[in-house]
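# just the structure for this:
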Amino acid sequence: MKSIKYLILIYLLLPGITAFSQSKKTEKSDTAVSMKVFGVCEQCKERIEKAVKIKGVKSGVWNMETGQLALVYDPARVTLDKIENRIVAAGHDLENKKSLVAVYDALPKCCRYREPGSMTQKHDAVPANTQTVKRIDSPALLKDTVIPVNIIKGIVLEEDNKGKFTPLPNASISWLNTGKGVITDSAGYFSIHQDNVSKTLVVSYSGYKPDTIFITAPDELKVVLASNRQLKEVSVTSKQRSVYINNYNPIRTQTMTGKELLKAACCNLSESFETNPSVDVSYNDAVTGSKQIQLLGLSGNYTQLTVENLPGPRGIATPLGLNSIAGPWIESIQLTKGVGSVANGFESIAGQINVELKKPENSEKLLANLYINDYGKTDVNLNFAQKINKNWSAGLLLHDDFFTNKKLDFNKDGFRDLPTGNTFSLVNRYKFDNSKGTVMQLGIKILNDQRTGGETMFDPDQHKNTTSRYGLGINTERYEAFAKIGYIFPAKKYKSIGLQVTAINHKQDSYFGLTTYNAKQKTFYGNLIYQSIIRTTIHKFRTGVSFLYDRYDEDFKSSSYSRNEIVPGVFGEYTFTPNEKFSAVAGLRADHNNLNGFFVTPRLNLRYEPVTGTTIRASIGRGQRTANIFAENMGSFISARQVNIIASAPGKAYGLNPEVAWNKGISVDQKFTLFKHDAMVSVDYFRNDFKDQVVVDLENAGAVSFYNLAGKSFSNSLQAEMNFEPADKFEVRLAYRFFDVRSTYNGQLKERPLIAKNRAFANLAYTLKGFKFDYTVTYNGKKRLPDTKANLPAYQLEEFSKDYVMMNAQLSKTFGKKYPLDIYIGAENLTNFFQQNVIVSADQPFSNYFDASMVWGPVNGRMFYTGIRFKIK
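Got it, this is the predicted structure:
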């Protein structure tokens, strides 16, 4: 098998890979320990590992993802207590010791691991039942003192317009209307007993307006007196959620962490959004098994998909792209609705999804994941990571899945509900970091996907290219090489320069009944970015140049379509952050497409926090893309529809204009306390207006027509979401979404077909003694179906589909700590609802009425699965 050949090739390319899953052996006199150290970023890693580089320590490696420091030391030469004190003195908390507030506040903003709701907050907070604080009589002392839990402690600082902090002595701290109070010491530090009556703490200082802080529980506070002479308070202890939004980013980006992805099996990227109410995932058709996403009521073609900010599956890879990224590879997903940064390109119209894969420097040495379901599908995933030496680390991600069940046919129409076949993919990557500012990543990716579908009795050796049985075959090969090189100026951490490059060769050979579609795509992408500040961190900027080359060769039936697209571009982006209440990002890029000419992409994102806990964002911007009409509408090939291209722009792709749209949006995030836990309500509204669009017209039952928009086309999306915890370790997410999506078809403004106007969502997650239970239910409203009145009555569809409810559940249990083993079982589509008569004229697949693209609901019934995950950290 090709998979085995690839595996052999990798083992030849990576000598010694078998050592990846082995821990380093230590000398008999050495002691190996692992401890939790709080931090969030690469700078934290550098600082922590530097702090433990003392005599007697053989090695110290901090894992940024887990927060664990793997330490090997000689107890005869150095004590563990001394090592811990060095870490704390550098500004990083341990589970049993806590850094001085003033030391912590001197850390760069990107390293503030205590900040609540911060995107950089990676690890759980120090346990709240015991709080530790440095002795204030001698700042040089590194010994922690455990204080009673009824003590409020903190520091009062003044911030200048360059972001520097200065402790303020003799500031007044008192409980409102009690006369009980203290003043800060010479280092700005204070501690005060919690009052039994008053819950309001008053902070005042000469020349500044007094302010109040409502205290619900003992905590550590950082009180900053800003340059505008106003007081503001930030609590520095909180719990990270599995999905969070960075409060301080003007671009509203929702991050789904690895914890969120474990709520479902997540065999591939398409299944990673089952617990996210913003993204819909549905089948493109009833036969190929390919899936597409919908964001803001628009198909996934209008959402820019990137992998670590490099181009992800796009162009010809669009229909199968979501299936090509294995779930166990994913570290996190960043979802941005509306326009994002101009530094990422010009193609984003509905939003952007960026996938971060697991990195060799902070991943488990070994992660093995085995999955199987009762349909007969099996997934095997192996992730390896190894630190080669001080500067280099390497990683290997492997995925192989098999499906051989030709008889899966829930609605008994004679067609397989899913294609059989095998998918093998890998990522082999390396990272270099010399801890002096130079960082480099490089690697390769390989994908080989083979699928066979159609009628359950179809045999390609006997029936291919005949009318005896209807069948399809899709064979895909994809090769990719990528590199990232960056330099951060050591003396000026805010200044950096980076280069991103990738080269892709994608090939697909396919047939659908008697229709053939073969395609090749070659892509090269480069992006050079420089970023710095203008005098102070209030004014930041980044600028750069980009280059995109695409070569397409497509053979559809007896016609050939070839084109080269060459797009050089320049961009600039300015970030204005005068204070913590307001920030803005304004970007502009200019590109030249050899087919479509010169175009400009402006984008603006604003953020305003009128009161603490209330964040308002607004955005507006332009997006442009070239439609790949065959690859993006492959489901139409599995039908008797005639393909009509009504060309109106000679010299451009398919004779059609590029798609251009303006996106406008506003969102409000409100944080509050409910059931003694943090809660948040979010409401967002986005509108897309197309100035030009390639209309995919299915309103004639016998044809699919592609032509440029002549009239209006728009989408409106309104979503409300609430996240709260009614009890400890019990998380609830509720959401409702409304779509109004319309386009002009032959002069008539109609609802876009196969889009539900209404959708409701609920996700419940509960953890107890190593058990994790997750339950998701979604309500999907009815969808308008394309007009089929031209068909015979037996093959006509209703005007609207049914509405339906989907339920998924999963239970998992973790065993062991040093070598954790997760066992999980779950079920999808518990209601066993699936679309009946999903294929029109399934009994006559070569007739004029055959159509497998009218999919509005699940094509499969109830499915049970189980799996195991094994880790060596």
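# and the helices in this structure?
In the chain, the helices defined using DSSP state H lie at 2-13, 42-51, 80-89, 101-105, 258-261, 460-463.
# can those helices go into JSON lines with extra columns for mean neighbour count?
Just so you know, the C-beta spots here come from the backbone N, C-alpha and C atoms, and that holds for glycine as well. Output for these, formatted as JSON lines (neighbours: other CB atoms under 10 Å):
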{"stretch": "helix 2-13", "mean neighbour count": "13"}
{"stretch": "helix 42-51", "mean neighbour count": "19"}
{"stretch": "helix 80-89", "mean neighbour count": "18"}
{"stretch": "helix 101-105", "mean neighbour count": "20"}
{"stretch": "helix 258-261", "mean neighbour count": "19"}
{"stretch": "helix 460-463", "mean neighbour count": "12"}
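# and of those helices, who's closest to Thr866?
Nearest to Thr866 among the helices of the chain is helix 258-261; the distance by CB to CB comes to 17.5 Å.
# name the helices or strands packed onto the closest one?
Contact analysis of helix 258-261 by 3 or more CB pairs under 8 Å, 6 or more residues apart in numbering; DSSP states H and E lists strand 330-337 as its packing neighbours.
# now the strand it packs on - C-alpha only, PDB.
What follows is strand 330-337, C-alpha atoms only, in PDB (Å, rounded to 0.1, in the frame of the first residue of the first chain):
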ATOM      1  CA  ILE A 330      -4.800  20.500  15.800                       C
ATOM      2  CA  GLU A 331      -3.600  22.600  18.700                       C
ATOM      3  CA  SER A 332      -6.200  25.400  18.400                       C
ATOM      4  CA  ILE A 333      -8.500  27.100  15.900                       C
ATOM      5  CA  GLN A 334      -9.000  30.900  15.600                       C
ATOM      6  CA  LEU A 335     -12.300  32.000  14.200                       C
ATOM      7  CA  THR A 336     -12.800  35.500  13.000                       C
ATOM      8  CA  LYS A 337     -16.100  36.700  11.700                       C
END
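# what about that strand, distance to the chain center?
Here strand 330-337 shows a centroid-to-chain-centroid distance of 1 Å under the convention CA atoms, centre = their mean, to the nearest Å.
# and it, what's buried?
330-337 (16 or more other CB atoms under 10 Å).
# same check on stretch 271-291?
For stretch 271-291, burial by neighbour count (16+ other CB under 10 Å) applies to 271-291.
# low-confidence ranges, this structure, go.
1-29, 65, 116-150, 159-166, 179, 186-187, 206-211, 216-220, 222, 224-240 (pLDDT under 70).
# in it, which residue is closest to the centre?
Centroid check for the chain by CA atoms, centre = their mean gives Ile333 as the closest residue, at 1.1 Å.
# so where do the strands sit in the stretch 151-300 of the chain?
Here the stretch 151-300 of the chain has its strands, by DSSP state E, counting those that start in this stretch, at 151-159, 165-167, 172-175, 181-183, 189-193, 200-204, 211-214, 220-225, 231-235, 243-245, 253-256, 279-283, 291-295, 298-299.
# could you do the stretch 451-600 of the chain as well?
Going by DSSP E, counting those that start in this stretch, the stretch 451-600 of the chain shows strands at 471-488, 496-512, 515-534, 536-556, 559-576, 582-593, 597-608.
# buried sites along the first one?
Residues of strand 471-488 classed as buried under the neighbour-count rule (16+ other CB under 10 Å) are 471-478, 480, 482-486, 488.
# what's the closest of those to Tyr205?
Ile488 (36.3 Å).
# the closest one bridge partners, please.
Using DSSP bridges, the beta-bridge partners of Ile488 come out as Ser496.
# now Thr515
What pairs with Thr515, by the bridge criterion (DSSP bridges), is Phe512.
# before we move on, what about Glu659?
Arg625.
# wait, it sits on Val696?
No. Here Glu659 does not reach Val696: they are 11.2 Å apart, not a contact under CB atoms under 8 Å.
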